[in-house]
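Peer 1: Please work out how this folds:
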Amino acid sequence: MADLPTARLAAYSPPFTHTGIDFFGPYEVTVGRRTEKRWGMLATCLTIRTIHLELVPSLTTDSCIMAIRNFMARRGTPSVIYSDRGTNFIGASRQMKEAAAAVNVDDIMKEFTSVDTTWSFNPPLAPHMGGSWERLIGSVKRNLQKINPPRNPTDEVLRNVLIEVENTINSRPLTHVPVDDSAPALTPNHFLLGSSNGIKPYTTFDDSSSALRQNILASQVLANTFWKRWLSDYLPEITKRSKWFCQTTPVAVGDVVVIADPRLPRNCWPKGKVIETHPGKDGEVRSATVRTSTGVYVRAVTKLAVLDVRREGSKPA
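Peer 2: Next up, the predicted model:
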């Protein structure tokens, strides 16, 4: 089992430095006497697992750009943005796939890719690579079902519900809940707001220079305390390895593979030859370019089944 990505281990970095973004929906809202569709955008910090939700009127390129800009204006500019490719919305409904086809990914990248921000796309048909945000989208949907808003709420009601759901998910414990109240469980809100529910303890105001220095030191100590608990309590939980101790031979150039395609019967899955591999930052091959009789495709290695055929130039065992 490979090491966790660097984004999951970026301790002491500001929230949303490494951000995953995805869209979900649609939800019907009442506008006057008619109903319209609305979508949600979820941005999650891959390090502290906090989320930010935005209500999106449509999945056009302009709406997506405005939603991401609204997120950046309130949460800061990420260093790296991770997402699925434009039409690769995992588990989406038919309406979402149709609406996603109108999104111009190149225009969005031009808007947000700069010296300070890079955009990283997952390979096609690799939902497990977006598991960090897909899991949280599932939590958002379950909370929406529990809240049970009106069948066709207004934009104002749906926006308020999303904000309430955002705060609820950001208040969830990241570590084990202790039996006593001596040390409350660490939550994403601790890094955003200073406490699990966002209500900071009352302190008397004193504008003297010594008091201000003490307040600054106290805030720094509080922030460092949260990160120390993140390192000692949360990080060991996500780095456990309970399987995959055996080293396997990675996919290599020249391998003959079968491409798993859920849209086709298994006996109709296309065969092809690997012409290029794409390793991750850890050096492990994560995706590959495969040439088939119908074209060239980039697929995650989890979607490739290597056939027991000798590679070109290799000697038989």
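Peer 1: just checking, Met129 touches Asn122?
Peer 2: Yes. Using C-beta atoms under 8 Å, Met129 is in contact with Asn122, at 4.2 Å. Heads up, the C-betas are built off the backbone N, CA and C, glycines and all.
Peer 1: can you tell me which residues contact Thr187?
Peer 2: Taking C-beta atoms under 8 Å, 6 or more residues apart in numbering, we find Thr187 in contact with 170-174, 196.
Peer 1: So which of the residues you listed wins on neighbours?
Peer 2: Counting neighbours by other C-beta atoms under 10 Å, Asn170 leads the contacts of Thr187 with 23 neighbours.
Peer 1: what's the pLDDT at it?
Peer 2: Here the pLDDT value assigned to Asn170 is 92.
Peer 1: any idea how far it lies from Ala223?
Peer 2: 17 Å (C-beta to C-beta, to the nearest Å).
Peer 1: Ok, Val301 next?
Peer 2: Relative to Ala223, and taking C-beta to C-beta, Val301 is found at 39 Å.
Peer 1: Of these two, give the one with the bigger neighbour count.
Peer 2: Neighbours per residue (other C-beta under 10 Å) separate Val301 from Ala223, with Val301 holding more: 20 against 14.
Peer 1: Count the neighbours of the nearest residue to the more buried one once chain neighbours are set aside for me.
Peer 2: Spatially, and ignoring its direct neighbours in sequence, Val301 is nearest to Val251 (5.1 Å; C-beta to C-beta, 6 or more residues apart in numbering). Using other C-beta under 10 Å, Val251 has 21 neighbouring residues.
Peer 1: go on, Ile238?
Peer 2: Ile238 - counted by other C-beta under 10 Å - has 11 other residues nearby.
Peer 1: so how far is Ser196 from it?
Peer 2: 19 Å.
Peer 1: and if you look at Ser79?
Peer 2: 26 Å.
Peer 1: now swap in Pro5 and tell me
Peer 2: With C-beta to C-beta as the criterion, Pro5 and Ser196 are 26 Å apart.
Peer 1: Show me where the chain has its helices.
Peer 2: 61-75, 94-100, 105-112, 131-147, 155-170, 188-193, 209-229, 235-238 (DSSP state H).
Peer 1: Of those, which is nearest Leu46?
Peer 2: Closest to Leu46 of the helices of the chain is helix 131-147 (C-beta to C-beta; 5.6 Å).
Peer 1: Can you tell me what sits against the closest one?
Peer 2: Here helix 131-147 has contacts from 8, 20-22, 24, 27, 40, 42, 44, 46, 49, 51, 53, 82, 90-91, 127, 161-162, 164-165, 168-169, using C-beta under 8 Å, 6+ apart.
Peer 1: Which members of those occur in strands, if any?
Peer 2: Of the contacts of helix 131-147, the ones assigned to strands by DSSP state E are 20-22, 24, 27, 40, 42, 44, 51, 53, 82.
Peer 1: In a markdown table: the residues you listed, plus pLDDT.
Peer 2: Below are the ones in strands among the contacts of helix 131-147 laid out as a markdown table (pLDDT from 0 to 100):
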| residue | pLDDT |
| --- | --- |
| Gly20 | 92 |
| Ile21 | 92 |
| Asp22 | 91 |
| Phe24 | 90 |
| Tyr27 | 90 |
| Gly40 | 94 |
| Leu42 | 95 |
| Thr44 | 95 |
| Ile51 | 96 |
| Leu53 | 96 |
| Tyr82 | 89 |
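Peer 1: of these, buried ones?
Peer 2: 20-22, 24, 27, 40, 42, 44, 51, 53, 82 (16 or more other C-beta atoms under 10 Å).
Peer 1: possible to save those residues as CSV with distance to Thr277?
Peer 2: Shown next, in CSV, are those (distance: C-beta to C-beta, whole Å):
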residue, distance to Thr277
Gly20, 24
Ile21, 27
Asp22, 26
Phe24, 32
Tyr27, 41
Gly40, 36
Leu42, 31
Thr44, 29
Ile51, 33
Leu53, 37
Tyr82, 20
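Peer 1: Just flag the most distant two among those residues.
Peer 2: Tyr27 and Tyr82, at 24.5 Å, using C-beta to C-beta across those.
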